[in-house]
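[1] With the input below, show me the fold.
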Amino acid sequence: MFPGDDHIHMEAAFKRWLECASHRPKHTLPRSEHGGGLMLLIGWKARFAAAMLGLFIIPTTLVFRTFWCGDPEAALDQIIQFSKNLAMMGGMLYIVVHAPDR
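    Next comes the predicted model:
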C-alpha cells in the first residue's frame, strides 16, 4: 500500500454513500408513529393502527435500510436493522389478524 491509498478508498466509499443517501427523504412522520404506537398501547382501533404502522414500515425500511448499497463495513448493522423492521412488520400483521375488535 502506498501512503495515499486510504484516502482514495475513503473518498470512493463516501461517493457511494452519497449516491445511496441522495434519494432519502429529509424528514419522517414521527406523529404517525407515536399516534399509532399509542393507539396500540391503549388498544383503541388496534387493527387499524397496526395496519397503518405496518404500511409505514415498508417504505421506511426500503429507503433507510439499504444494506445492499453503501459501505460494506456498515452493512452488518443495516442488515440487523432491516431484520428488526421485518420482525416489526410481522408483529403488525399478527395484530391485524388476531386483535379483538373494539
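[2] Past the helix or strand bottoming out on mean pLDDT in the chain, which element shows up next along the chain?
    For the chain, counting by mean pLDDT, DSSP states H and E, helix 5-21 ranks last in confidence among helices and strands (a mean of 59). Using DSSP states H and E, the next helix or strand after helix 5-21 towards the C-terminus is helix 30-42.
[3] ok, residues contacting the longest helix along the chain?
    Longest helix in the chain, counting residues (DSSP state H): helix 75-98. For helix 75-98, contacts defined as Cβ atoms under 8 Å, 6 or more residues apart in numbering pick out 40, 46-47, 50-51, 53-54, 57-58, 60-61, 65-68, 70. To be clear about C-beta, it is placed using only N, CA and C from the backbone, and glycine gets the same treatment.
[4] Quick one: mean pLDDT for that helix?
    Per-residue pLDDT over helix 75-98 has a mean of 92.
[5] send the alpha carbons of that helix over as CSV?
    Provided in CSV are the C-alpha atoms of helix 75-98 (Å, rounded to 0.1, in the frame of the first residue of the first chain):
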residue,chain,number,x,y,z
ALA,A,75,-23.8,-3.4,6.1
LEU,A,76,-24.0,-5.7,9.1
ASP,A,77,-25.7,-3.0,11.2
GLN,A,78,-28.1,-2.3,8.3
ILE,A,79,-28.9,-6.0,7.9
ILE,A,80,-29.7,-6.2,11.7
GLN,A,81,-31.9,-3.1,11.5
PHE,A,82,-33.6,-4.4,8.3
SER,A,83,-34.3,-7.7,10.1
LYS,A,84,-35.7,-5.8,13.1
ASN,A,85,-38.1,-4.0,10.8
LEU,A,86,-39.2,-7.2,9.2
ALA,A,87,-39.9,-8.6,12.6
MET,A,88,-42.0,-5.5,13.4
MET,A,89,-43.9,-5.9,10.2
GLY,A,90,-44.7,-9.5,11.2
GLY,A,91,-45.9,-8.3,14.6
MET,A,92,-48.1,-5.7,13.0
LEU,A,93,-49.6,-8.4,10.7
TYR,A,94,-50.2,-10.6,13.7
ILE,A,95,-52.1,-7.8,15.5
VAL,A,96,-54.1,-7.1,12.3
VAL,A,97,-55.2,-10.7,12.1
HIS,A,98,-55.7,-11.6,15.8
